[in-house]
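> need a structure here:
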Amino acid sequence: MQKVKGSVLQSRLDFVRGQFGEDQMQQVMASLGAEDQEALRKMVPSSWLPFEVGKRLDEAIVQVCGEGDPKFFEQLGVASANKNLTTLHASFITPGDPEAFLKKAPQIYELYYQTGRRAWEKTGEGEGYLTTHGAETFSAPDCLTVVGWYKRALEMCGATRVEVEEEECRALGGEVCRYRVHWE
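The predicted structure is shown next:
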């Protein structure tokens, strides 16, 4: 069973609390089942939780806070990068060298997910593809958080005019999750 790091889910909860307040946070939690609520209350950043708990949390957040708009997950990805790449995983940031950061995609992926892998393939100056292979579980909302996370991470490395677009998604029938990345 695919698992996700507690720090990923904690950054989502922190985003809701920080952007929407405690009342909205309580609405999100109340919309989850008792087992998910308990798992999230006991979670620590270094723990592993079932991917499905995160998927249900994502669905609850988008319904309560995002007015049902799945693009809302890009904002969650940005918030996650802001939190985790300035604290727990700040050592991954490579100021002035976005390419060096992207080369660390396999190691970064392993920090957050238990199965599968992510690879960086450079196709030109300031562009290439991030591809996720072999993840046991996947969801379109999680892929959108990846888009926001990498956009923000590359900006933190000094990239400008960053574009990250998912061109293929397993949740939508693709073989892999592939993101086209471009920056200046």
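> check contacts around residue 86.
With contacts defined as Cβ atoms under 8 Å, 6 or more residues apart in numbering, residue 86 is in contact with residue 156. Yep, even glycine has a C-beta here, placed from its N, CA and C like the rest.
> would it count as being in a strand?
No - applying DSSP: H, G, I helix; E, B strand; the rest coil, one finds residue 86 to be coil, outside a strand.
> Please report how far it lies from residue 22.
23 Å (Cβ to Cβ, to the nearest Å).
> domain parsing for this structure?
3-69, 77-182 (automatic domain parsing).
> got the ones you listed as JSON lines, with mean pLDDT columns?
As requested, those are exported to JSON lines (pLDDT from 0 to 100):
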{"stretch": "domain 3-69", "mean pLDDT": "92"}
{"stretch": "domain 77-182", "mean pLDDT": "94"}
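> Shouldn't residue 132 be within a helix?
No - secondary structure of residue 132 (three-state DSSP): strand, not part of a helix.
> Ignoring the adjacent residues along the chain, who's closest to it?
residue 177 (4.1 Å; Cβ to Cβ, 6 or more residues apart in numbering).
> Pop out the phi and psi values for that neighbour.
Main-chain torsions, residue 177, degrees, to the nearest 10: phi -100, psi 110.
> Check residue 89 too.
phi -120, psi 30.
> Quick one: neighbours of the nearest residue to it once chain neighbours are set aside, just the number.
The shortest distance from residue 89 to any non-neighbouring residue, by Cβ to Cβ, 6+ apart, is to residue 111 (6.7 Å). Counted with other Cβ atoms under 10 Å, residues neighbouring residue 111 total 13.
> In three-state terms, how would residue 111 be classified?
helix.
> burial measure for the residue nearest to residue 132, as a count.
By other Cβ under 10 Å, neighbour count at residue 177 equals 24.
> and if you look at residue 71?
Neighbour tally, residue 71, other Cβ under 10 Å: 12.
> what does residue 132 give?
24.
> Would you mind pulling the contact partners of the longest helix that the chain contains?
For the chain, the longest helix by residue count, based on DSSP state H, is helix 6-30. Helix 6-30 is contacted by residues 37, 40, 43-49, 53-54, 57-58, 60-61, 64-65, 75-76, 79-80, 83-84, 88, 112 when judged by Cβ under 8 Å, 6+ apart.
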